[in-house]
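Peer 1: Need a 3D model of the sequence below.
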Amino acid sequence: MGIAGTNTVRLQVYTNLKTFKSGDEISDGWVAKFHTDGDYIKWFAIENEDSLEGKEIKLFDTYKVDYTGTIKEKEKGKVTYAVLKAYVAIDPLERQYKELTLGIGDEIEDTAYSIKDVDVEFEPKETYIPKKLTEPITVLDTEIMEQGLENVDSNLILVGGPVVNKVTAALAEDLGVPTTYDEWKEKFGTGADSGQIIYKEKCSKIGGYGVLLVAGTDREGTRAAAEALLEYISKL
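Peer 2: Numbers count the residues shown, from 1 in each chain. As a prediction, this is how the structure comes out:
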């Protein structure tokens, strides 16, 4: 479709939808029976109107019956309302598809339907489109602390543990890491094996932005963690 930088569109189409009440005939000689208990369907059955003696039953070799439902919640003031939409779906065991290319106003072959309009809905609804960088993306920990953590306006990648990085030290509790060298050494050891990559999707201290920590007990640990992160990114 070429909308918002994409060239695809997802369509969900329903055909031959019908509404039935208990006692209605849903197919030649077959009647729908619903038994409700309060606000939901307890069981659903398909009964034959006439005797089936000597007749061939093809229904259950051709169709499958499914009882399902969806719940939508809506808040109004301090009260939350839940609306249940339950339905019985009767689908063929083996679906048959036919691909058609149609435009607005075209009629669907062998049906009474035509294309009146197209409603496009994206999933996810918001898509990030990278832009050309116009300013540096590397800043010192002291610069962030000077402007205040509450003024951070993007996700952060922190390099270095709380001993050498003031931002890491300020977010140590949120990240679940020790705050001193001895505690880090006791928990993670030393050298390359001490390297850690820790991700927190939402950090309240920086306005809900995400934080990725790349650190170790010493230089070797931090270097090993950084190399592991770069190797992971290169394989994406």
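Peer 1: where exactly do the strands run in this structure?
Peer 2: Applying DSSP state E to the chain gives strands spanning 25-27, 30-37, 40-48, 63-76, 79-92, 156-159, 196-203, 209-215.
Peer 1: out of these, nearest to Ser114?
Peer 2: strand 79-92 (24.0 Å; Cβ to Cβ). (C-beta placed from N, C-alpha, C; glycine too.)
Peer 1: by how many degrees do the closest one and strand 30-37 diverge?
Peer 2: Angle, strand 79-92 to strand 30-37, by axes from the mean of the first three to the mean of the last three Cα atoms, to 10 degrees: 160 degrees.
Peer 1: Can you name every helix or strand that strand 79-92 contacts?
Peer 2: strand 40-48, strand 63-76 (3 or more Cβ pairs under 8 Å, 6 or more residues apart in numbering; DSSP states H and E).
Peer 1: just flag whichever of those strands has the lowest average confidence.
Peer 2: Within those, confidence is poorest for strand 63-76, with a mean of 71 (mean pLDDT).
Peer 1: pretty sure Ala82 contacts Ile71?
Peer 2: Yes - between Ala82 and Ile71 a contact is recorded at 5.6 Å, counting by Cβ atoms under 8 Å.
Peer 1: Tyr181 and Thr217 touch, don't they?
Peer 2: Yes - between Tyr181 and Thr217 there is a contact under Cβ under 8 Å: 7.0 Å.
Peer 1: Mind checking which of these two has more residues around it?
Peer 2: Thr217 (25 against 15; other Cβ atoms under 10 Å).
Peer 1: can you pull the contacts of the more buried one?
Peer 2: When contacts are counted by Cβ atoms under 8 Å, 6 or more residues apart in numbering, Thr217 touches Gly161, Tyr181, Trp184, Lys185, Phe188, Gly189, Thr190, Gly191, Ser194.
Peer 1: same thing but at 7 Å, please
Peer 2: With contact taken as Cβ atoms under 7 Å, 6 or more residues apart in numbering, Thr217 is in contact with Tyr181, Trp184, Lys185, Phe188, Gly189, Thr190, Ser194.
Peer 1: Just the buried residues out of those residues, in PyMOL syntax.
Peer 2: Buried residues within those, by 16 or more other Cβ atoms under 10 Å, are selected in PyMOL with:
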select buried, resi 184+188+194
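Peer 1: Which member of the contacts of Thr217 is positioned nearest Ala112?
Peer 2: Phe188 (69.4 Å).
Peer 1: list the contacts for the closest one?
Peer 2: By Cβ under 7 Å, 6+ apart, the contact list for Phe188 reads Ser194, Gln196, Thr217.
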